[in-house]
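> Quick one, what's the 3D model for this:
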Amino acid sequence: MDEGDLAVLLYRASHAPRRPGVELDVERDEAVEAALRAHGEAEMRRVTRGLAVGMEVPERNADELLRRPGWVFDDLRWELGGPAQALGRAVVRLTLWPETVVPVLREHLVDRTELLVDVETGLLLRLVEVFGGRPVRTLTVRRIGPEEAVPDREGETFSVGDRSMRAPEVGTAARMTVLTLGRMAFDPSMRRLLRGREVPAEPEVPFRRTDPEPLDGPVPSVPEVVRLLALARPSDLAGTLRGEFADGRFAVADGGRFRLDFTRSAGPAAAQAESYDGERHYRLMPDRLVVDPAPPALFSPLGEVRRPRGELRRPIAVLDLVDWEGRRAVRLAVGGDTVVVDAGTGLVLANPYLELHDLGPAPTDPEFYRLRAPEGVPVVETDGGPLGDALLPPPLRAGLEGAARVVGGLAEGVARLLGR
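Numbering: from 1, shown residues only. Coordinates of the predicted model:
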């Protein structure tokens, strides 16, 4: 069994209307769990620029986690292991490593997840999450029952802890509130946004989806398309993008590097260009160049087209073969959407919101992926907090940060007096 075969197995298990019932054991290491929770809260604050305070990371229902394995097609790198046995059944080992730049789900926050996959049913018979080199949660199936209908309840498969904010979190929330209100009052870009000037620019030509020309020839089967999407590794590619919300030039290179030069973006105060050179994330705004020493929190609008495997989270149907600017492509119905996929590389050429055109090789010069500020435009190093990339005079920034510390300290002290 190779990675493509395993993808077909897991895809079928994910979308089958009936699945075997299971009885399972759940083991947790509370000390490691606490460390993972603290790490998750810190990551959520980083992604939200310090605004997510007192929030716990969503956790999938254990039963659905094993019986509905479509989540393995998320932003995770696969490492296929050898065969094994569990419950007297043949299984294959699979290790998942998080690759997302938006780590907001549990599987994105652990170091890795180790699975045993039943090679007959695609059920996950064992799942071990590892964090800090130690198992944090282990799910083990002890018995497989008869098949039963499983309702489609994707929205009910997550749970989050319902707890009051602790005293340190109350203090953090108060500090963040002061900084956020300060930015709203003094940052020019934020004021433009609040005054309603940050509206999407109307394209000169409204976005209309391309209707590619059908081709003759045998249409690939669903398992063949699943293999294509599962094994796709789009990279070394440049071209133009057209979409509902943005137009421009793009380039995607190895190591996660990318560059976007917008000809139309979300509005007059939005980024005019964006790039990642493998170490730093750059955003050229109308009044500043923002440099973040961390990977981008969002890789938009190219995230979906760069990760074709994610399409397998929804059921697919093959519609026909088409010609996409000289490329042989497959048109698919994915859930309720139409998606066009390159038949050779698995690259997503079009989805309901975005299309790629004029494709060719991406530049290889590392300097191409490092944006430079035009003359007279200041460079702002973001710290990830609510002030982040705000263009504020140093005395004003220092004053806001001092006021936030005072208010946060008072709020934390009151919370401790109240027994929080």
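> my guess is R416 meets A167, correct?
Yes: at 4.6 Å, R416 counts as touching A167 under the criterion of CB atoms under 8 Å. Placement of C-beta: from N, CA and C, glycine included.
> Looking at the two now, which is surrounded by more residues?
Neighbour count, other CB atoms under 10 Å: between R416 and A167, A167 has more, with 17 against 14.
> how would you label the closest residue to that one other than its chain neighbours: helix, strand or coil?
Nearest non-adjacent residue to A167, counting by CB to CB, 6 or more residues apart in numbering: A415, 4.0 Å away. What DSSP: H, G, I helix; E, B strand; the rest coil gives for A415 is helix.
> What of the one 4 residues further on?
In terms of secondary structure, G419 is coil; the call rests on three-state DSSP.
> Next, count neighbours for it.
G419 has 6 neighbouring residues, counting by other CB under 10 Å.
> could I get the helix or strand that contains T140 in CSV with only the CA atoms?
Assigning secondary structure by DSSP states H and E places T140 in strand 134-149. The C-alpha coordinates for strand 134-149 follow below in CSV (Å, rounded to 0.1, in the frame of the first residue of the first chain):
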residue,chain,number,x,y,z
ARG,A,134,5.3,12.4,25.4
PRO,A,135,1.9,10.9,24.6
VAL,A,136,-0.8,13.4,25.6
ARG,A,137,-4.0,11.6,24.5
THR,A,138,-4.4,8.0,23.3
LEU,A,139,-7.6,6.6,21.8
THR,A,140,-7.7,2.8,21.4
VAL,A,141,-10.6,0.8,19.8
ARG,A,142,-11.2,-2.3,22.0
ARG,A,143,-14.2,-3.6,19.9
ILE,A,144,-15.7,-3.0,16.5
GLY,A,145,-19.5,-3.3,16.2
PRO,A,146,-21.9,-3.6,13.3
GLU,A,147,-22.3,-0.9,10.7
GLU,A,148,-24.8,1.9,11.5
ALA,A,149,-25.9,5.0,9.7
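> that older thread, right, and the residue nearest to A167 touches A173 too?
No: the pair A415 and A173 fails to qualify as a contact (CB under 8 Å) at a distance of 9.7 Å.
> which stretches of this protein form helices?
All helices of the chain, identified by DSSP state H, fall at 3-15, 30-47, 62-67, 106-109, 167-186, 188-194, 222-231, 303-306, 394-417.
> gap between the fourth one and the chain center?
Put simply, helix 106-109 sits 11 Å off its chain's centre (CA atoms, centre = their mean, to the nearest Å).
> Of the helices of the chain, which is nearest D287?
helix 188-194 (6.7 Å; CB to CB).
> hang on, the earlier thing: the helices of the chain: which one's closest to V136?
Closest among the helices of the chain, using CB to CB: helix 30-47, at 4.2 Å.
> Let's see the closest one as CSV, backbone CA atoms only.
Extracted C-alpha coordinates of helix 30-47, given in CSV (Å, rounded to 0.1, in the frame of the first residue of the first chain):
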residue,chain,number,x,y,z
GLU,A,30,-3.1,15.6,32.5
ALA,A,31,0.4,17.2,32.9
VAL,A,32,1.1,17.1,29.2
GLU,A,33,-2.5,18.1,28.5
ALA,A,34,-2.0,21.3,30.5
ALA,A,35,1.1,22.1,28.6
LEU,A,36,-0.6,21.5,25.3
ARG,A,37,-3.5,23.7,26.4
ALA,A,38,-1.1,26.5,27.3
HIS,A,39,0.6,26.1,24.0
GLY,A,40,-2.7,26.2,22.1
GLU,A,41,-3.8,29.4,23.9
ALA,A,42,-0.5,31.1,23.1
GLU,A,43,-0.8,30.1,19.4
MET,A,44,-4.4,31.4,19.2
ARG,A,45,-3.2,34.7,20.7
ARG,A,46,-0.4,34.8,18.1
VAL,A,47,-2.7,34.1,15.2
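> Packing partners of that helix?
helix 106-109, strand 124-131, strand 134-149 (3 or more CB pairs under 8 Å, 6 or more residues apart in numbering; DSSP states H and E).
> I'd like to know which of the ones you listed is closest to E311.
Evaluated over the helices and strands packed on helix 30-47, closeness to E311 peaks at helix 106-109, with 18.1 Å, by CB to CB.
> Many thanks, I have nothing further to ask.
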